[in-house]
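In: Need coordinates for the following:
(one chain, ligands or ions: 1)
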Amino acid sequence: MKIEFKKVPTTKKELETSFNSVKIEGTFCRISSSLVKIEANLKGIIDIDCSRCGSSEPFSLDEQLKLLLSDGVYKGDDEEFLVIEIENSLIDFDEIIESELNSIKSDYHICKNCLEDNQLFEKEF
Ligand SMILES: [Zn+2]
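Out: Predicted coordinates:
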């Protein structure tokens, strides 16, 4: 889903859009002429590669998203919200989901098999 920046309402509106099998559910609203606030959850099932053995396994996502979308360069400083600068005054939710997924996938993740190996390892020694 894509939406023009200036078309985002200034009162909180329900947000529900999906990309592949991952869904964003929550609210969004425009809090200034150049800032849109999103409070939502990212839900779905994605395949994540194990950081140790490299095999992928399905991972059930339920991540809280707190985003500030800035139309152009963001000069402020925010600790609670992750700031994303967007281009062309166009919000592309597919792109936002995709980049969130990429950052989740790049996190350290250990698959069930490796976790079991770890436990065996600890028992043996
Ligand atoms: Zn593994």
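In: list the buried ones in stretch 5-23?
Out: Phe5, Val8, Leu15, Thr17, Phe19, Val22, Lys23 (16 or more other Cβ atoms under 10 Å). From N, CA and C alone the C-beta is placed, and that goes for glycine too.
In: What's opposite the fourth one in the beta bridge?
Out: Partner residues in beta bridges with Thr17: Ile24, with DSSP bridges as the criterion.
In: Would you agree it is in contact with Gly26?
Out: No: taking contacts as Cβ atoms under 8 Å, Thr17 lies outside contact range of Gly26: 10.2 Å.
In: before we move on, back to that, the buried residues of stretch 5-23 in strands, which ones?
Out: Leu15, Thr17, Phe19, Val22, Lys23 (DSSP state E).
In: how far away is the fourth one from the ion?
Out: As judged by Cβ to the ion, to the nearest Å, Val22 and the ion stand 22 Å apart.
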